[in-house]
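Asker: here is the input, now give the coordinates:
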Amino acid sequence: MIIFWYPLLTLMADAVQVIEMRLRLIALGKSTSDEMFLMVSEKIEAFGEARSILIRGGDPAHILDNYRKIVATNVARLSH
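Answerer: Purely as a prediction, here's the structure:
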C-alpha cells in the first residue's frame, strides 16, 4: 500500500510546484496565450486518457504514472 502513496504524494508536490510557477508567470505578466491554452488542453487530454484506461479495465497506477509524466514535463519546461 505504501508503494501507491509515494507516487501520489510526489505527484501532488510536483503539481503544486507547477501551479506556483504558472501563477508567478501570470503575476509577472510573462505568461503566454499558448501556456494558458496548454493549462486547459493538457487537463482535458489527461482526463480522456484516464477515462480510456479505466474503461479498458486498466490499472489506476497507469493513470497516476501518466499524470506524473505530464507534471514532470511541465516542471522541466517551466523551470527554464
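Asker: buried residues of the helix or strand that contains residue 67, list them for me.
Answerer: Per DSSP states H and E, residue 67 falls inside helix 60-78. Neighbour-count burial for helix 60-78 flags 63-64, 67-68, 70-71, 74 (criterion: 16 or more other C-beta atoms under 10 Å). Any C-beta I mention is one placed from the backbone N, CA and C, and that applies to glycine too.
Asker: which single one of the residues you listed is nearest to residue 14?
Answerer: Distance to residue 14, by C-beta to C-beta, is smallest for residue 71 among the buried residues of helix 60-78, at 4.6 Å.
Asker: pull the distance from the helix or strand harbouring residue 46 to the chain's centre.
Answerer: According to DSSP H and E, residue 46 maps onto helix 33-55. Put simply, helix 33-55 sits 9 Å off its chain's centre (C-alpha atoms, centre = their mean, to the nearest Å).
Asker: now do that helix against helix 60-78, angle only.
Answerer: If you take axes from the mean of the first three to the mean of the last three C-alpha atoms, to 10 degrees, helix 33-55 sits at 170 degrees to helix 60-78.
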